[in-house]
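Participant: test case, fold it:
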Amino acid sequence: MVLLSDQNGEEQREDSLPLKVRDVMVREVITVDEDSTVKEAVEIMNEFQIGSLIVLEKGKAKGIVTERDFLRRVIAEAKDVMNTKVKDVMTTPLVVVEPSTNLEEAVKLMFQRKIKKLAVVDANKLVGIVTLTDIARFQPQMIRLLKQLTTKQVAPKSMQKVIHYYIV
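Facilitator: Residues are numbered from 1 along each chain as shown. Sure, this is the predicted structure:
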């Protein structure tokens, strides 16, 4: 039996650990205003060495913009990065979970929606972000769940690279 310490320092058995989104989410979420240009957003992503930004409209989380969004909706369409606004290329609606959401449910939601990132909100306030990579690195239980899901159904194309690298 393996014992793990939770955030409160209490030990729990690994096989019965009720993991929640709050256990693996990143709390320092980097955001961008929807009226920012694509160039400004890319500069922020480069500065923080991240692949996505949560997009804010009047201070509230409205969407997400990822490297893939830039490839598909900016580069492939030869749009001007200096004049194209983030709101014109972001993905909406933003798929969110609460910090208390079971990690297993978050993974299932990612599979259903074919996404790799979930914004985490508490009382309609952005408090974190959780990615498939965060989950895969964090917990062997989630790896087992992902393996089970991939035997029952084909992983969404956008997730296959992460799953094959960390799981299979």
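Participant: what is the neighbour count of Ala61?
Facilitator: The local packing of Ala61 (other Cβ atoms under 10 Å) involves 21 other residues. (C-beta placed from N, C-alpha, C; glycine too.)
Participant: tell me the bridge partners for it.
Facilitator: Beta-bridge pairing for Ala61 (DSSP bridges): Leu56.
Participant: my read: it touches Val96, true?
Facilitator: Yes. With contact defined as Cβ atoms under 8 Å, Ala61 and Val96 form a contacting pair (7.3 Å).
Participant: overlap in contacts, the two.
Facilitator: Taking Cβ atoms under 8 Å, 6 or more residues apart in numbering as the criterion, Ala61 and Val96 both touch 119, 121.
Participant: check contacts around Ile50.
Facilitator: Contacts for Ile50 (Cβ under 8 Å, 6+ apart) come out as Ile30.
Participant: again but with Arg68, I slipped
Facilitator: Ser158.
Participant: tell me which element it falls in.
Facilitator: For Arg68, the host element (DSSP states H and E) is helix 67-70.
Participant: how about that helix: buried residues?
Facilitator: For helix 67-70, burial by neighbour count (16 or more other Cβ atoms under 10 Å) applies to 69-70.
Participant: show me the residue at the heart of the protein, geometrically.
Facilitator: Geometric centre of the chain, nearest residue: Lys117, 1.8 Å, by Cα atoms, centre = their mean.
Participant: which non-adjacent residue is nearest it?
Facilitator: Leaving out its chain neighbours, the residue that sits closest to Lys117 by Cβ to Cβ, 6 or more residues apart in numbering is Thr131, at 4.9 Å.
Participant: other residues contacting stretch 101-116?
Facilitator: For stretch 101-116, contacts defined as Cβ under 8 Å, 6+ apart pick out 18-21, 23-24, 95, 97, 118, 130-133, 135, 139, 141-142, 145-146, 149, 153, 155-159, 162.
Participant: quick one: which of those residues sit in strands?
Facilitator: 97, 118, 130-131 (DSSP state E).
Participant: redo the residues you listed as JSON lines? Include distance to Thr66 and pLDDT.
Facilitator: Compiled in JSON lines, those are given as follows (distance: Cβ to Cβ, whole Å; pLDDT from 0 to 100):
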{"residue": "Val97", "distance to Thr66": "18", "pLDDT": "97"}
{"residue": "Leu118", "distance to Thr66": "13", "pLDDT": "97"}
{"residue": "Val130", "distance to Thr66": "15", "pLDDT": "96"}
{"residue": "Thr131", "distance to Thr66": "11", "pLDDT": "93"}
